[in-house]
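# got a structure for you, letters missing:
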């Protein structure tokens with residue numbers, strides 16, 4: 001096969017059709033990029049696996065018009081109750097933060113199977129084939145292409161050429177191994193048990209619906225998460241004996257997975273709950289061992305890693321799947337603009353720069369929390385006193401503080417992730433003193449326009465940059481605005497945010513959006529396709545913005561577009 005023929009195969013090959021790969025595919029499709037997505041598994045996940053979707057992930061999905069659909073499938077009204085050595089804390093709400101700058105102020109408990117189904121249906125409805133039963137066997141790189149060999153379940157070999165290869169293929173990633181990227185870290189010693197079950201608790205340990213129940217004591221720990229469907233509860237349990245293990249097992253990057261019987265699970269649940277909870281009717285049972293590992297890099301030339309291929313860790317905080325989805329969302333728009341000729345190739349360097357530190361921080365914090373959890377299961381008298389008098393009593397009181405809960409929510413929800421001072425973002429002059437800085441996520445707020453009430457993120461996040469000009473329309477130099485709109489057509493869409501109603505503008509009559517943006521009179525915000533602030537400054541002088549655009553984007557006359565054309569789905573608004 002000649003290079004000329006191979007160069008026309010696809011722009012991007014995605015390996016792995018879990019939540020990370022499906023999210024990447026959805027964003028590439030929104031931009032009109034030529035890609036294929038393959039997975040060696042014959043079907044998507046039917047087990048629950050990951051079970052929590054965070055607020056930032058829901059915002060990502062809503063950019064594809066999928067957030068509300070996923071919320072309808074899950075449980076958004078969960079509470080937390082702590083059970084330690086017979087003591088029970090009052091329930092603490094895990095949502096409903098009135099001051100949150102998101103329309104999703106909660107943790108959504110929903111099966112990973114539902115998450116994958118929503119993404120899969122979205123792609124199928126847009127003509128994307130998810131090629132299951134197809135395995136990446138090998139690949140070779142050259143300065144201009146990657147040549148890939150793939151094998152179907154029937155054994156048929158196929159060769160194709162792509163510009164970029166993205167490994168979304170999990171902890172045992174073929175892409176990562178083939179690229180020679182080290183996966184550093186280790187396995188925890190403890191053996192965990194996991195099950196999707198029905199469960200009944202005695203009066204003192206009754207399992208309230210829509211409630212996350214955490215049981216802990218010297219005999220073990222068991223956490224019951226409210227699923228609702230296909231079974232009522234997901235239970236993760238560990239015996240006290242396992243928690244206090246001191247013998248190092250063989251180090252491997254392969255998690256321990258073995259069959260688990262219901263009686264084995266019940267024995268560990270008995271130890272954690274004092275025999276107060278009975279599990280039955282299992283939908284899925286397994287042993288597993290946790291790892292804390294991270295790839296030393298997320299990019300090697302034309303090869304990228306995202307999701308579990310780049311990082312795996314303890315499920316503390318329910319952020320693993322969500323972090324993978326954020327990886328894909330960060331990478332997808334950069335790949336799209338570069339492959340379609342709209343942005344400088346340097347933009348691809350910023351993926352690892354922005355996302356690798358996020359993965360590193362996640363591993364550190366989950367490791368610390370996990371270590372504290374294991375230590376809390378000590379058989380010592382001091383540990384027992386701490387469980388009864390500190391954890392069971394003080395923690396619920398602390399969590400009732402609206403301020404503490406809001407700070408915790410901002411961290412766990414991933415709304416607080418920032419790329420400040422990274423290469424692809426910049427603060428202009430004069431600087432705004434308040435509001436989200438360059439590199440921060442854009443806060444959401446209700447706005448209105450000609451067609452009625454909407455949300456700010458719905459209007460300024462989509463498969464292109466959005467220039468949000470805040471203040472009276474007459475304040476802006478119409479000629480400058482027109483030049484930007486023409487030079488960067490299909491890449492930058494201009495929107496006006498005003499306080500007074502006018503045709504074709506976003507209106508913030510009550511001032512909430514202006515306040516969250518830190519705007520007193522006039523300001524300019526350039527919003528990236530992933531919903532983060534690329535550039536901002538006060539005032540109406542657009543010269544600084546134009547210099548920023550020139551440094552990253554390609555003006556219309558200089559673009560060399562692929563055969564699909566830049567932004568074939570772009571219409572100045574998110575893809576419906």
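Arrived safely. Every value quoted in this text rests on a predicted model; they were computed, and no experiment measured them.
# going forward, measure contacts and count neighbours with C-alpha atoms only.
OK.
# Helix or strand next in line after the helix or strand of the chain with the lowest mean pLDDT, which one?
Every helix and strand in the chain was compared by mean pLDDT, DSSP states H and E; the lowest is helix 3-6, with a mean of 39. The C-terminal neighbour of helix 3-6 among helices and strands, as given by DSSP states H and E, is strand 10-15.
# in the stretch 151-300 of the chain, which spans are helices?
174-179, 240-243, 262-273 (DSSP state H, counting those that start in this stretch).
# and the first one, which residues are buried?
Applying a neighbour-count criterion of 16 or more other C-alpha atoms under 10 Å, one finds 174-176, 179 buried in helix 174-179.
# that older thread, let me know which of the helices of the stretch 151-300 of the chain is the nearest to residue 553.
Closest approach to residue 553 among the helices of the stretch 151-300 of the chain (C-alpha to C-alpha): helix 174-179, 29.2 Å.
# Which other helices and strands does the closest one contact?
With contacts defined as 3 or more C-alpha pairs under 8 Å, 6 or more residues apart in numbering; DSSP states H and E, helix 174-179 has these neighbours: strand 134-141, strand 157-167, strand 303-305.
# what packs against the longest one?
Which is strand 157-167. Against strand 157-167 (3+ C-alpha pairs under 8 Å, 6+ apart) you get helix 3-6, strand 10-15, strand 146-152, helix 174-179, strand 303-305.
# Now do the shortest one: everything it contacts.
This points to strand 303-305. 164-168, 175-176, 179, 298-299 (C-alpha atoms under 8 Å, 6 or more residues apart in numbering).
# Residue 442 and residue 534 touch, don't they?
No - counting by C-alpha atoms under 8 Å, residue 442 stays clear of residue 534, with 9.9 Å between them.
# Could you check which of the two has the larger neighbour count?
Each of residue 442 and residue 534 has its neighbours counted (other C-alpha atoms under 10 Å); residue 534 has more, 31 against 28.
# For residue 233, see how far away the more buried one is.
Going from residue 534 to residue 233 by C-alpha to C-alpha, to the nearest Å gives 42 Å.
# Residue 178 now?
Taking C-alpha to C-alpha, one finds residue 178 at 39 Å from residue 233.
# And the helices in the stretch 301-450 of the chain?
Going by DSSP H, counting those that start in this stretch, the stretch 301-450 of the chain shows helices at 320-339, 349-376, 381-386, 392-399, 402-412.
# Tell me which of these sits most buried.
helix 320-339 (a mean of 25; mean count of other C-alpha atoms under 10 Å).
# And for that helix, what's in contact with it?
With C-alpha under 8 Å, 6+ apart, helix 320-339 has contacts from 11, 19-21, 23-25, 27-28, 31-33, 50, 53-54, 57, 60, 163, 306-308, 312-313, 343-345, 347-348, 351, 355, 359, 463, 529-530, 562, 566.
# so how far is that helix off the chain centroid?
9 Å (C-alpha atoms, centre = their mean, to the nearest Å).
# Look at residue 467 and give its secondary structure.
Counting by DSSP: H, G, I helix; E, B strand; the rest coil, the backbone at residue 467 sits in strand.
# and it, what are its bridge partners?
Using DSSP bridges, the beta-bridge partners of residue 467 come out as residue 494, residue 526.
# Tell me how far it lies from residue 444.
In this view, residue 467 and residue 444 are 16 Å apart by C-alpha to C-alpha.
# which of those two has more neighbours?
residue 467 (25 against 20).
# Contact partners for the more buried one?
Going by C-alpha under 8 Å, 6+ apart, the list of residues near residue 467 reads 460, 492-495, 524-527.
# Could you measure from it over to residue 326?
22 Å.
# what do you get for residue 82?
In terms of C-alpha to C-alpha, residue 82 sits 30 Å off from residue 326.
# before we move on, the earlier item: distance to residue 222 for the contacts of strand 303-305 - can I get that in TSV?
Output for the contacts of strand 303-305, formatted as TSV (distance: C-alpha to C-alpha, whole Å):
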residue	distance to residue 222
164	43
165	40
166	37
167	34
168	31
175	36
176	34
179	39
298	35
299	38
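# In these, which residue is surrounded by the most others?
residue 168 (33 neighbours).
# residues contacting that residue?
14-18, 20-21, 305-309.
# which non-adjacent residue is nearest it?
residue 16 (4.8 Å; C-alpha to C-alpha, 6 or more residues apart in numbering).
# Now for residue 442 and residue 534: what residues contact both?
residue 527.
# Run a quick check on residue 530 versus residue 461, I expect a contact.
Yes - if you go by C-alpha under 8 Å, residue 530 and residue 461 touch, sitting 6.8 Å apart.
# and stretch 512-529, which residues are buried?
Buried residues in stretch 512-529, defined by neighbour count with 16+ other C-alpha under 10 Å: 513-514, 516-519, 522-529.
# same deal with stretch 57-70?
So, applying 16+ other C-alpha under 10 Å, buried residues of stretch 57-70: 57-67, 70.
# before we move on, what about stretch 422-434?
Applying 16+ other C-alpha under 10 Å to stretch 422-434 flags 424-428, 432 as buried.
# in the stretch 401-550 of the chain, what spans have low per-residue confidence?
401 (pLDDT under 70).
# what ranges do the strands span in it?
426-427, 446-449, 452-455, 465-470, 492-498, 506-507, 523-527, 533-538 (DSSP state E, counting those that start in this stretch).
# can you give me the angle the fifth one makes with strand 523-527?
When you say that, I think you mean strand 492-498. Between the axes of strand 492-498 and strand 523-527, defined by axes from the mean of the first three to the mean of the last three C-alpha atoms, to 10 degrees, the angle is 140 degrees.
# by contact count, what packs against strand 492-498?
Counting by 3+ C-alpha pairs under 8 Å, 6+ apart, strand 492-498 packs on strand 465-470, helix 478-487, strand 506-507.
# Tell me which of the ones you listed sits most buried.
strand 506-507 (a mean of 28).
# what does that one contact?
447-449, 495-501.
# Of the residues you listed, grab the buried ones for ChimeraX.
To isolate the buried ones among those in ChimeraX, judged by 16+ other C-alpha under 10 Å, type:
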select :447,448,449,495,496,497,498,499
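# since we're on residue 77, how many residues are nearby?
There are 16 residues near residue 77, going by other C-alpha under 10 Å.
# can you check residue 181 too?
So residue 181, with other C-alpha under 10 Å, has 17 neighbours.
# That one: what's it in contact with?
295-297, 300.
# how about a cut-off of 7 Å?
Residues counted as contacts of residue 181 (C-alpha atoms under 7 Å, 6 or more residues apart in numbering) are 295-297.
# same question, residue 238
191-193, 220-222, 268.
# quick one: which of the residues you listed sit in strands?
192-193, 220-222 (DSSP state E).
# of those residues, closest to residue 209?
residue 222 (16.5 Å).
# and the nearest residue to that closest one once chain neighbours are set aside, what are its bridge partners?
Among residues not flanking residue 222 along the chain, residue 237 sits closest, at 4.2 Å (C-alpha to C-alpha, 6+ apart). In this entry, residue 237 is beta-bridged to residue 193, residue 222, by DSSP bridges.
# Next, find the distance separating residue 237 from residue 109.
18 Å.
# One more: residue 536?
For residue 536 relative to residue 109 (C-alpha to C-alpha), the value is 35 Å.
# More neighbours: those two, which one.
Taking neighbours as other C-alpha under 10 Å, residue 536 and residue 109 compare with residue 536 leading, 28 against 25.
# Now that that one has come up, it's in contact with residue 438, right?
Yes - using C-alpha atoms under 7 Å, residue 536 is in contact with residue 438, at 6.3 Å.
# Please enumerate the shared neighbours of those two.
residue 427.
# from the middle of its chain, how far away would stretch 527-544 be?
Chain-centre distance of stretch 527-544: 24 Å, with C-alpha atoms, centre = their mean.
# what's the answer for stretch 112-130, then?
In this view, stretch 112-130 has its centroid 17 Å away from the chain centroid, taken as C-alpha atoms, centre = their mean.
# cool, and stretch 512-520?
Counting by C-alpha atoms, centre = their mean, stretch 512-520 comes out at 26 Å from the chain centroid.
# That's all I had, so thanks and see you.
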